[in-house]
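Asks: fold the following, please.
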Amino acid sequence: MAVGAAHLFGPNGVLTLLQRAGFECYPVEAHLGGDKLERFIRRFGRQYQLTD
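Replies: As a prediction, the model looks like this:
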């Protein structure tokens, strides 16, 4: 399942809803090495902001 980050958290977020349904949710490490994250944000994410 793929879910946008904005939909994960909060009282009605996907993580909360899954936990209420009895699922165990835990973080998984991901690595966007090099300039992959910056390229993604520049291409798809006007709502994101890069900071140093």
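Asks: how near is residue 34 to residue 40?
Replies: 11 Å (C-beta to C-beta, to the nearest Å). Yep, even glycine has a C-beta here, placed from its N, CA and C like the rest.
Asks: name the residue in these two with the higher neighbour count.
Replies: Per other C-beta atoms under 10 Å, whichever of residue 34 and residue 40 has more neighbours is residue 40, with 12 against 8.
Asks: what score does the more buried one have for pLDDT?
Replies: On the pLDDT scale, residue 40 is placed at 73.
Asks: which elements pack onto the helix or strand containing it?
Replies: Take DSSP states H and E as the rule and residue 40 turns out to sit in helix 36-44. Counting contacts by 3 or more C-beta pairs under 8 Å, 6 or more residues apart in numbering; DSSP states H and E, helix 36-44 is packed against no other helix or strand.
Asks: would you put the C-alpha positions of that helix in PDB?
Replies: The C-alpha coordinates for helix 36-44 follow below in PDB (Å, rounded to 0.1, in the frame of the first residue of the first chain):
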ATOM      1  CA  LYS A  36      17.500  11.600  -5.100                       C
ATOM      2  CA  LEU A  37      15.400  13.400  -2.500                       C
ATOM      3  CA  GLU A  38      16.200  16.800  -3.700                       C
ATOM      4  CA  ARG A  39      15.400  15.800  -7.300                       C
ATOM      5  CA  PHE A  40      12.100  14.300  -6.200                       C
ATOM      6  CA  ILE A  41      11.100  17.400  -4.300                       C
ATOM      7  CA  ARG A  42      12.100  19.700  -7.200                       C
ATOM      8  CA  ARG A  43      10.100  17.600  -9.600                       C
ATOM      9  CA  PHE A  44       7.000  16.700  -7.700                       C
END
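Asks: the helices in the chain, which residues?
Replies: For the chain, applying DSSP state H gives helices covering 14-20, 36-44.
Asks: format those as JSON lines; extra columns: distance to residue 2.
Replies: Formatted as JSON lines, those follow (distance: least, C-beta to C-beta, whole Å):
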{"stretch": "helix 14-20", "distance to residue 2": "11"}
{"stretch": "helix 36-44", "distance to residue 2": "14"}
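Asks: now for the ones you listed, which one comes closest to residue 27?
Replies: If you check each of these against residue 27 by C-beta to C-beta, helix 14-20 wins as the nearest, at 10.0 Å.
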